Structure formats: C-alpha cells, structure tokens
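# Need coordinates for the following:
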Amino acid sequence: RLYIAPSITWNIAPDTKLTLLGRYQRDNDNPWSPVTAWGTVLSNANGTLPVNFSINSSGSQRAVEKQDQKQIGYIFDHAFSDTLSFSQSLRYGHRETTWNNWIFAAGFLDNNIVNGVQQGHVEGRYVYGPFFQHDEDFQVDNRLSAKFDFLGAGHTLLAGVDYRQSQENHVDQGGNFDPAANPLDFLNPDYSAVLVHDPASGYSDGTKANQTGVYLQDHVNIGPRLTLTAGGRYDWAESGSQSDSKFSPRIGATFMVLPGASLYASWSKSFVPQTGYLTVSGDTLPPETGRNVEGGVKFNLLDNTLSGMVSVFDLVRQNVATTDPANPLFYVVTGEQQSRGVEVEGTWHPAPEWTFSLAYANLDAKVTRDSLFTVGAELPNVPRNSVNLFGEYVVPSGVLAHLGVNLDVLYNDSKNATTYPEDIDGDGVPDQGSFFRLPGYTLVNAGLSYNFGTWMLRANLNNVFDKRYYPDACCLDRVTPGAPRSWRLSLTKVF
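Reported below is the predicted structural model:
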C-alpha cells in the first residue's frame, strides 16, 4: 500500500481560513476468500481444514486486486461575528479498481451428508474476473451556524444544504459460474491448474446517483443542567430510474443529575440511499430506513479518573443490505431487522501510570419481517454477549521510564451464522438443517510500548494463544477464518 494525505491551511484573515486537502492511495493485493463451513465449524469425514487452507489458486493463477484512489477537496470557514459563521466543505474522488481470478466456494461436487457429516472432498468454485470498475464521487456541504439567546435559553442553530453525485461503470470480461469447471480437491489440491474462464458470461453495467439534503438543528441550553436538541433533514435521492425522498427527524435531551454525571435520551429516524449496492440482476437496492431510541447515563468522576457510559437502545432497520448467499459480490435486502440491547463502557485510571477499560454489550438482534430470510431468526454474526477488557501499565520513572506493558482480552458468545435456508442434499428444496452457529471464542492480545520524545515504538502480539476462531459467516460456503497468531512492530512520530 502507498498512502499519502497532504493538507495545508491558509489563514486568509483573522476570521477566515481555507484548508486544502488531498489524498492518494494505491493498493496491490492478493485478496482472500472465505471457506466452507464443512471442515471448519461443521464436521467433514475427511478431517478439519488446515488453518492456512485457501480456496483461491496460487502462482500465475493467484487472485489479484488493484485499486487506485485520488481525492481533492477543501474546507472553508468564515466567521461573520462571534455569533454567526459559515462553513463549506467540498470533495471530489476518483477510483479505479481491477481484480481477476477471485474465487469463492460453490458447494461440494461429491456432496453427501450422512448424519450431519459431509463426506465430500471436491469443492466446486466460482471464478470472478477479469473485472474493471471506474468510480467518481462529488460532495459539497454548506453550513450556517448562529448563536443567540431567546426566551431565557441559549440557542445554537445550524442550517445547511448538501449535495452528492456518484457514478460508477464496471465491466466483467468473463468469470466462470459453473462450479464444476474449476474444482478443488481438498485431499489433493492443485493450486496451479489453469483456471477456465467463460467470456460468454461477461457483462457490463453502470449506475449514476445523486442526493440533495437540507437540514436544520437547534441545540438549546436551558439553565445549567438541561440541554435539548431537535432537528431534521429532508433528502431527495435518485439512482437510475429510482427516485426516493424522506424526512428524517431527531430529538434528544441531556440532564446533568450531578457534576460529572448526566442522563441522556434520543429518538431519531434515518434514510440512507444504497448507491453501489447491486442485486445480481443489476438493480440498485432501495434506501435503508431506520428508527432508533436510546437512553442512558454518561459520567466523568473522581477528577477525571473514572469515565464511561451505560446505554440501552432499540434500533429498527428496513431494507438492510445483506450479502447474496448465491452471489457473494452482490446483495439482497432484509425486510426488517430489530436490535435491542445494553452497552456498558468505562475507563479507570487508579494512578497516572495505570489504565483499565471495560466494554460489554448484550444484544438481542433478529429478523422481524421478510419474505426471504427466516422471521424470528437471530441476525448473523451478532453475539448475544461480548466483553472486551484492557489494561496497561507505563513505568513512571527510573531506567525503564516510559516503557508500557498492556494486555487485552476479547470474548464473543456463540452466534448465528445464517438466516437463509439452503439446499444441502441436492433435492432442490431448502433444508432447515443448513442453519448453523459459529462457536464462541476468547482472544488474548499483548503489547509493549516505549515513548521517547515525539516518537513511539510499539510491539504487538495478537492472538497470543493462536486460538482458531471464526468471526463471521453468511452461509455454508462463506465462513471467515480468524487471523492466527501474528506480531506487528511500528514506529510513529508526532509532528
């Protein structure tokens, strides 16, 4: 990866400044692909797949992906007075993406399931590419902010209008979606076999979309304890022949119950066009909409040594983009999803050299309405309980001063892997037995750091005990293996 992001600020006048922004990023990669559930989280009579097993080929047939991104833009700020100011941000982006020989599993050609155990060992494969995509994106946001007092309350009023236009064109010169054309035998894999492409399956398409939004928000301070926020935005969006518009309101309140501790509550609706998310037939997905209710307490106590928050929420989303189980580079939508839960976050500094933090979440996430996915099923890849514990000690003085030692522990419950029944016995009828879960896991990470002046040297060891785990999946042919034990050495400088 080559990455550079220069910026320069010109203070035109005491109340006016212009910041120019640029970004260039070039990536040359050999992308990975998920593996089958059989032999990883489900039993295969031929044994467990090795941790370094790949569904992609190698050598001259290896999967390749290249991406070239350029962005330019600016942020302009001007204060007319102490109470009235204007800001405009603008950005233009251009991206070129290519890939070839990107492979995904496509079921067992010798599929035979006996008492829940897969007997087959010859995997069918889909081959994607050569593929070329061109993207352009333009965004501009204009904001006017005013501060004033009215009816005994302090107001901060924000009004704005934003616009975005995006365009993409892509060409696939012919992968191969016949699973039998490029098989892989687990027991005797030939990763150098020349891949068979099918130029007749090539296609090309493109999308152009634009979105205009206007928004207004008032943040009101009522006395020393209570703040209210109310606002909304109206969006008009077009993508191809599809046009949508929606009003998205939001309200919120914060009340300080004692110095350093405040109760808060909010209610909001959302509208998100899904430009670039295509179905296998080339159609753009409808916009995602949602409603969120949240409340809780935020605190910063004991001279800033103890801080955190506790929140409860109820989030409902419609038309959520979900990977198409049969076509992994395309999407389908879930009619409606609901997520309810409790989240706890906290950081404690018992002494300047010690830091402890905790994050816990309990989530109840499920499909509540759909014609494709199973209603009532748990949302995939969402653990009911997750915990993250972190601790760090930095030597305050002496010959080892500024040397830090840290330990991080992450736990995730078992979670659902799929909400879509698949045909696993070849009779053309979806089977309830295709539903499966990903096992829970605990990961331990450790690190050392040393701070000298404006430099920081870090050494991190991730997955200390080399735990084999699977963080997510979408279906029987798409299970993501977790990263094995790895280390990283980094040196950074603050300017």
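# quick one: residue 118 and residue 107 touch, right?
No - taking CB atoms under 8 Å as the definition, residue 118 is not a contact partner of residue 107, at 10.4 Å. To be clear about C-beta, it is placed using only N, CA and C from the backbone, and glycine gets the same treatment.
# So for the two, which residue has more residues nearby?
In this view residue 118 and residue 107 are compared by other CB atoms under 10 Å, and residue 118 has more residues nearby, 22 against 19.
# and the more buried one, what pLDDT?
With respect to pLDDT, residue 118 has a value of 94.
# which stretches of the stretch 301-450 of the chain form helices?
Taking DSSP state H, counting those that start in this stretch, the stretch 301-450 of the chain contains no helices at all.
# quick one: low-confidence ranges for it?
Applying pLDDT under 70 to the stretch 301-450 of the chain picks out residues 325-326, 328-329.
# Tell me if residue 180 really is in a helix.
Yes - read with DSSP: H, G, I helix; E, B strand; the rest coil, residue 180 is one of the residues of a helix.
# Kindly tell me how buried it is, as a neighbour count.
Counted with other CB under 10 Å, residues neighbouring residue 180 total 12.
# my read: it touches residue 108, true?
No - distance between residue 180 and residue 108: 11.0 Å, which falls outside the contact criterion (CB under 8 Å).
# hey, what's in contact with both of these two?
Shared contacts of residue 180 and residue 108 (CB atoms under 8 Å, 6 or more residues apart in numbering): residue 124.
# mind exporting stretch 206-225 as CSV, just the C-alpha atoms?
The C-alpha trace of stretch 206-225 is given here as CSV (Å, rounded to 0.1, in the frame of the first residue of the first chain):
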residue,chain,number,x,y,z
GLY,A,206,-23.1,1.3,-14.5
THR,A,207,-25.1,3.5,-12.1
LYS,A,208,-25.4,7.2,-11.6
ALA,A,209,-26.9,8.6,-8.5
ASN,A,210,-27.4,12.0,-6.8
GLN,A,211,-28.7,13.1,-3.4
THR,A,212,-29.7,16.5,-2.1
GLY,A,213,-30.4,17.2,1.5
VAL,A,214,-31.5,20.2,3.6
TYR,A,215,-31.2,20.1,7.3
LEU,A,216,-31.9,22.3,10.4
GLN,A,217,-31.0,21.7,14.0
ASP,A,218,-31.4,23.7,17.2
HIS,A,219,-29.2,22.9,20.3
VAL,A,220,-30.8,24.6,23.3
ASN,A,221,-29.2,25.2,26.8
ILE,A,222,-32.0,25.6,29.4
GLY,A,223,-30.2,26.6,32.6
PRO,A,224,-27.0,24.9,33.8
ARG,A,225,-28.4,21.3,33.8
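# So which bits of that stretch are buried?
Using 16 or more other CB atoms under 10 Å as the test for burial, stretch 206-225 gives 207, 209, 210, 211, 213, 215, 217, 218, 219, 220.
# Likewise for stretch 153-173?
Of the residues in stretch 153-173, 156, 157, 160, 162, 164, 165, 166, 168, 170, 172 count as buried by neighbour count, 16+ other CB under 10 Å.
# Ok, stretch 76-83 next?
For stretch 76-83, burial by neighbour count (16+ other CB under 10 Å) applies to 76, 77, 79.
# just to revisit the earlier point, Throw the buried residues of stretch 153-173 into CSV and include distance to residue 361, thanks.
What follows is those, written out as CSV (distance: CB to CB, whole Å):
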residue, distance to residue 361
156, 32
157, 35
160, 33
162, 32
164, 32
165, 37
166, 33
168, 35
170, 37
172, 39
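# and stretch 45-56, average pLDDT?
For stretch 45-56, the per-residue pLDDT averages 93.
# From the opening residue of it to its closing one, how far?
22 Å (CA to CA, to the nearest Å).
# residues of it that come out buried?
For stretch 45-56, by 16+ other CB under 10 Å, it's 46, 49, 54, 55, 56.
# out of the buried residues of stretch 76-83, which are inside strands?
76, 77, 79 (DSSP state E).
# What confidence value was assigned to the second one?
Pointing back at residue 77 there. Looking at residue 77, its pLDDT stands at 98.
# need the contact list for it.
Per CB under 8 Å, 6+ apart, neighbours of residue 77: 16, 17, 18, 85, 86, 87.
# following the one helix or strand the fifth one maps to, which helix or strand comes up?
Following DSSP states H and E, one finds residue 86 within strand 84-100. Next in sequence after strand 84-100, counting helices and strands by DSSP H and E, comes strand 102-108.
# what element comes up after that following strand heading to the C-terminus?
As assigned by DSSP H and E, the chain's next helix or strand after strand 102-108 is strand 113-114.
# Quick check: which helices or strands does that following strand pack against?
Using 3 or more CB pairs under 8 Å, 6 or more residues apart in numbering; DSSP states H and E as the contact test, no helix or strand touches strand 113-114.
# Partner strands of that strand, with direction?
strand 117-118 (antiparallel) (DSSP bridges).
# between the next helix or strand after the partner strand and strand 84-100, how many degrees?
Counting by DSSP H and E, the element after strand 117-118 in chain order, helix or strand, is strand 122-128. Interaxial angle of strand 122-128 relative to strand 84-100 (axes from the mean of the first three to the mean of the last three CA atoms, to 10 degrees): 130 degrees.
# CA atoms of whichever helix or strand comes after strand 122-128 as CSV?
Using DSSP H and E, the next helix or strand after strand 122-128 towards the C-terminus is strand 131-150. What follows is strand 131-150, C-alpha atoms only, in CSV (Å, rounded to 0.1, in the frame of the first residue of the first chain):
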residue,chain,number,x,y,z
PHE,A,131,-13.2,-7.2,-13.7
PHE,A,132,-12.7,-3.4,-14.1
GLN,A,133,-14.6,-0.6,-12.3
HIS,A,134,-14.4,3.2,-12.5
ASP,A,135,-15.9,5.4,-9.8
GLU,A,136,-16.3,9.1,-9.4
ASP,A,137,-17.8,10.9,-6.4
PHE,A,138,-18.5,14.6,-5.7
GLN,A,139,-19.8,16.0,-2.4
VAL,A,140,-20.4,19.5,-1.1
ASP,A,141,-21.8,20.6,2.2
ASN,A,142,-22.8,24.2,3.2
ARG,A,143,-23.5,25.1,6.9
LEU,A,144,-24.6,28.3,8.6
SER,A,145,-24.4,28.4,12.4
ALA,A,146,-25.9,31.1,14.6
LYS,A,147,-25.7,31.5,18.4
PHE,A,148,-28.3,33.6,20.3
ASP,A,149,-30.5,33.8,23.4
PHE,A,150,-34.3,33.5,23.2
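# buried set for strand 131-150?
Buried residues in strand 131-150 (16+ other CB under 10 Å): 131, 132, 133, 135, 137, 138, 139, 141, 143, 145.
# my guess is the fourth one contacts residue 95, does it?
Yes - between residue 135 and residue 95 there is a contact under CB under 8 Å: 4.3 Å.
# quick one: the strands in the stretch 301-450 of the chain?
306-324, 327-348, 354-369, 385-394, 403-412, 415-416, 437-438, 441-452 (DSSP state E, counting those that start in this stretch).
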